[in-house]
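**Student:** using only what follows, build the 3D model:
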Amino acid sequence: MSTDRWRKPWCGSSAREDATKWEEAATVAEQALRRRIALWDGIAAQLQSRPTPVSQQHR
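**Tutor:** Predicted coordinates for the structure are as follows:
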């Protein structure tokens, strides 16, 4: 399957449109990844700050 078949509707058909759309897509993807990392860093921090349940503590 050719990638052009699915790419054209999303990233433009002319060379200039294509380059601009790919740049926009890369920027949005990077922002999404940074936000996802921040989300999981926050979740990890919350989990680490919770006390260990008695049932999981070493005796």
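
**Student:** who does the helix or strand that contains Leu47 touch, helix- and strand-wise?
**Tutor:** Per DSSP states H and E: Leu47 is located in helix 15-49. Using 3 or more C-beta pairs under 8 Å, 6 or more residues apart in numbering; DSSP states H and E, the elements in contact with helix 15-49 are helix 3-11. Quick note: C-beta positions are derived from backbone N, CA and C, even for glycine.

**Student:** buried stuff in the helix holding Leu47?
**Tutor:** Lys21 (16 or more other C-beta atoms under 10 Å).

**Student:** give the rounded mean pLDDT of it.
**Tutor:** Model confidence over helix 15-49 averages 92 on the pLDDT scale.

**Student:** please renumber so the chain begins at 588
**Tutor:** With 588 as the first residue, the last one maps to helix 602-636.

**Student:** ok, Ile624 to Gln618 distance?
**Tutor:** Counting by C-beta to C-beta, to the nearest Å, the separation of Ile624 from Gln618 is 11 Å.
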